[in-house]
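J.: Have a look; sequence and predicted model below, questions after that.
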Amino acid sequence: MINTITLNPSLDYIVKVDSFKVDSLNRNQEEQIYAGGKGINVSIVLKNLGVENTALGYVAGFTGDEILRQIRGYGVSCDFIKLNNGFSRINVKLKSDGETEINGSGPEITSEDLKILYEKLSGLTKGDYLILSGSIPNSVPDDIYENIIISLLDKGVEFIVDATKDLLLKVLKYKPFLIKPNHHELAEMFNVELKSDEEIIKYGKKLQEMGAKNVLISMAGDGAILLPENGEAIKREVPKGVLKNSVGAGDSMVAGFLCGYLKSNDIDEAFKMGIATGSASAFSEELATEKEVYELLKQFN
């Protein structure tokens, strides 16, 4: 079984306004509301690709109810913990002459709430995959991902981690199956400026030396680099297409990689599937569908 965790999901409210004016009434030209969160995106794309999985995390209030309604609308199995107080955050994205974002903080997660999550995770067994992705709310310890992995080390669970800086660096010694930083996050981790593929590979290998088995580095329109556990670095370009929306592309790459690996047991095939899936989301207003992914996969043959 595959499980994703989204500790601080959101309702993302996207508003488009012509020539936004401060201190004035503005009328929106277009609006969208959708469930947000990196783990949620992974779960939805996996389901779109025919891979059953369960989405876990925390929700609260009326916004939490809407998040669950939307996720279930994709056919994803949910096992979120419903908090008694507060409400799941709302993130506002205002698109006009520029783009402005206001992110909510989300409900408080107590130590008792965390115990419930650990109890749910204790049922995972050998061969299961757990995907830990995204930022964490201020109310949980900053070593939460590390603690989750420690609690499952004797279970034989495989871990995939898509997080930034310390959240990621702290878990490398536990040998996660896959990590997926982008090239900007990789540079930030080592406080360097990466100017070439060779430099990206050099610092990606440092993450492997610290424990990661497979390192997938996304580079937006410049493609991606995979450092497999066994073998040399592989660089692949993105398929041809028109960029429409980069939100969720990295999460889609994670979902596609895992789907490809489960179907083929081949790392390079998984890599192709990951790039095709990430690109399919980037070339669409919504998250990648199976049809879109397999159309793009033809460009690799």
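T.: Noted; the coordinates are in hand. The model shown is predicted, which means the values in this text are computed figures rather than measured ones.
J.: Surely residue 252 is in contact with residue 290?
T.: No. Look at residue 252 against residue 290 with C-beta atoms under 8 Å: they stay out of range, at 11.8 Å. C-betas here are computed from N, CA, C, even on glycine.
J.: For these two, work out which one has more neighbours and name it.
T.: residue 252 (30 against 16; other C-beta atoms under 10 Å).
J.: helix/strand/coil for that one?
T.: Three-state call for residue 252 (DSSP: H, G, I helix; E, B strand; the rest coil): helix.
J.: got a list of what it touches?
T.: By C-beta atoms under 8 Å, 6 or more residues apart in numbering, residue 252 lies in contact with 41-42, 45, 277-278, 280-282, 287-288.
J.: Which of these has the largest number of neighbours?
T.: With neighbours taken as other C-beta under 10 Å, the top of those is residue 277, carrying 34 neighbours.
J.: and the closest residue to residue 27 other than its chain neighbours, how far is that from residue 91?
T.: Closest residue to residue 27 apart from its sequence neighbours, by C-beta to C-beta, 6 or more residues apart in numbering: residue 17 at 7.3 Å. The gap separating residue 17 from residue 91 is 17 Å, by C-beta to C-beta, to the nearest Å.
J.: Kindly report the same for residue 133.
T.: The value you get for residue 133 to residue 91, if C-beta to C-beta is used, is 16 Å.
J.: of those two, who's got more company?
T.: Under the criterion of other C-beta under 10 Å, the comparison of residue 133 against residue 91 puts residue 133 first, with 24 against 17.
J.: quick one: contacts for residue 45?
T.: 248, 251-252, 255-256, 277, 281, 287-288 are the contacts of residue 45 under C-beta under 8 Å, 6+ apart.
J.: one more time with 7 Å
T.: Neighbour list for residue 45: 251-252, 255, 277, 287-288 [criterion: C-beta atoms under 7 Å, 6 or more residues apart in numbering].
J.: from the residues you listed, which is closest to residue 231?
T.: Closest approach to residue 231 among these (C-beta to C-beta): residue 277, at 21.5 Å.
J.: Many thanks, I have nothing further to ask.
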